[in-house]
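Visitor: Sequence first, predicted coordinates after that:
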Amino acid sequence: MRVFDRENFAFNGASQLGMPKWLIVLEALRSRAKGRIEGETLGTVAEWKEEFDVSQATIDRALVELRREGVVESQRGKGIRVVRKEAVRHVGVFLGHDMFDPGTGDFPLLLVKALRSVAARYGQVLRYYLPSSDGNLLEDRVSAIRGDIRQRMVDGLVMWATNRAETIDLSIPVVGRLGEGRGVGHVVRLAYEDVARLGVAELVRKGCRRIALVRWGWEEFDNTLAVFNKAVEAAGVETRSGWQQVLRHCSATAFPELGAECFQAIWRAGGEKPDGIVSCDDYATAGILREMAKLGLGVGHDVKIASHANVGSDRWPGETVIRIEFDAVKVAEALFSTLNSLIEGREVAGEVVVRPKLVEGCEMEGG
């Protein structure tokens, strides 16, 4: 199930790579309105269509946002006029994922959608800094953030998977994903170790006695392996070093291949085979399922699988896999709650942990 329409992120010239057309129009008109007095006309829809070379639908979408923010109002025959309502908080969103790259996984796309929804509830305006896979364009976004901070265009900044914290003068409140780098003192961490803990417990409950693990290798801030081994020991079931495989970080399109390779290594380890697998990545699980099908192995019969998943995305529809889901909306809420507390000068924990949930009613065949 595709959760985000990449085609809505259309390009509009090389200098604007990484932003959808309606956002380009929105940013331009929002900046233009900041320099105008109340009641001054910004122009007409017809003029904007010609200036930006976009469709009526694109202008309409930008106008909806501008009206919601209280920046403009329109009257038939009088054009678009600047208005002033209560102060609106502007939040920068700096993402390290290329939204046009098919290799970008589902979670970043879900997070963009969730950030916009949560910001609307807070009555806040988002200013996006979206990179392309071209490294130079990522640096362009860093330069844009620096300029906007100097000009007080943003009140706070959310960073996710950029690893560029050290290159920005973070003189405004910032919150980011764990691992963004020095300078981001407040982080939101996804508890991947809970995938291992919940996965082992559920597999054991369903009768598994020999359990394998496919995980990420982020040892600097990920204790998944330690939690997995502790859970296995506490349950009195078996695991082996050859059944514990590490995914190499790369484009999401390659994750199924990596998952397949991990399963092959597990199955070639010799001796008894595992009857349960915990997978810490939903794309990798797709590769595991493919390899099992090649060998004629039944999911839920020969091998049961407990896998990381995301609310709103299904990498393996119809498969009887135990889902342990992260919710992008909860991540967005944690980011905004922390950032708003910082902006308002309130004390807040340095780390907020977002935990996944074992999906109820995920009964396995033969379980």
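Guide: Here it is on my side, so go on.

Visitor: rest of the way, CA atoms for contacts and neighbours
Guide: OK.

Visitor: For the stretch 101-250 of the chain, which segments count as strands?
Guide: Using DSSP state E, counting those that start in this stretch, the strands found in the stretch 101-250 of the chain span residues 125-129, 156-160, 174-177, 187-190, 211-216, 244-247.

Visitor: mind listing the helices for the stretch 251-367 of the chain?
Guide: For the stretch 251-367 of the chain, the helices defined by DSSP state H, counting those that start in this stretch cover 255-267, 282-294, 328-343.

Visitor: Run the angle between the second one and helix 255-267 for me.
Guide: Same thing as helix 282-294. 50 degrees (axes from the mean of the first three to the mean of the last three Cα atoms, to 10 degrees).

Visitor: hang on, the earlier thing: so which of the helices of the stretch 251-367 of the chain is nearest Val188?
Guide: For Val188, the closest of the helices of the stretch 251-367 of the chain is helix 328-343, at 6.6 Å, according to Cα to Cα.

Visitor: what comes up buried for the closest one?
Guide: By 16 or more other Cα atoms under 10 Å, the buried positions in helix 328-343 come out as 328-336, 338-340, 342.

Visitor: I'd like the average pLDDT over it.
Guide: For helix 328-343, mean pLDDT rounds to 94.

Visitor: Send over that helix as PDB, restricted to the C-alpha atoms.
Guide: Provided in PDB are the C-alpha atoms of helix 328-343 (Å, rounded to 0.1, in the frame of the first residue of the first chain):
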ATOM      1  CA  ALA A 328       4.500   8.200  12.700                       C
ATOM      2  CA  VAL A 329       1.800  10.300  14.200                       C
ATOM      3  CA  LYS A 330       3.100   9.500  17.700                       C
ATOM      4  CA  VAL A 331       6.600  10.400  16.600                       C
ATOM      5  CA  ALA A 332       5.400  13.800  15.100                       C
ATOM      6  CA  GLU A 333       3.500  14.500  18.400                       C
ATOM      7  CA  ALA A 334       6.600  13.800  20.400                       C
ATOM      8  CA  LEU A 335       8.700  16.100  18.200                       C
ATOM      9  CA  PHE A 336       6.200  19.000  18.300                       C
ATOM     10  CA  SER A 337       5.500  18.600  22.000                       C
ATOM     11  CA  THR A 338       9.200  18.700  22.800                       C
ATOM     12  CA  LEU A 339       9.900  21.600  20.400                       C
ATOM     13  CA  ASN A 340       7.000  23.800  21.700                       C
ATOM     14  CA  SER A 341       8.100  23.300  25.300                       C
ATOM     15  CA  LEU A 342      11.600  24.400  24.300                       C
ATOM     16  CA  ILE A 343      10.300  27.500  22.400                       C
END
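
Visitor: Report all helices and strands that that helix contacts.
Guide: For helix 328-343, the elements it packs on are helix 106-122, strand 156-160, strand 174-177, strand 187-190, strand 351-354, judged by 3 or more Cα pairs under 8 Å, 6 or more residues apart in numbering; DSSP states H and E.

Visitor: Now the residue nearest the centre of the chain: closest residue in space, sequence neighbours ignored.
Guide: Closest residue to the average C-alpha location of the chain: Pro108 at 2.6 Å, with Cα atoms, centre = their mean. Spatial nearest neighbour of Pro108, excluding adjacent residues (Cα to Cα, 6 or more residues apart in numbering): His97 at 7.0 Å.

Visitor: Looks to me like that neighbour is in a strand.
Guide: No - His97: not assigned to a strand; according to DSSP: H, G, I helix; E, B strand; the rest coil it is coil.

Visitor: got a pLDDT number for it?
Guide: Looking at His97, the pLDDT reads 74.

Visitor: And for it, the neighbour number?
Guide: 21 (other Cα atoms under 10 Å).

Visitor: same deal with Gly345?
Guide: Neighbour tally, Gly345, other Cα under 10 Å: 10.

Visitor: contacting residues for it?
Guide: Residues in contact with Gly345 (Cα atoms under 8 Å, 6 or more residues apart in numbering): none are found.

Visitor: now it: how far from Ala212?
Guide: When distance is defined by Cα to Cα, to the nearest Å, Gly345 is 46 Å away from Ala212.
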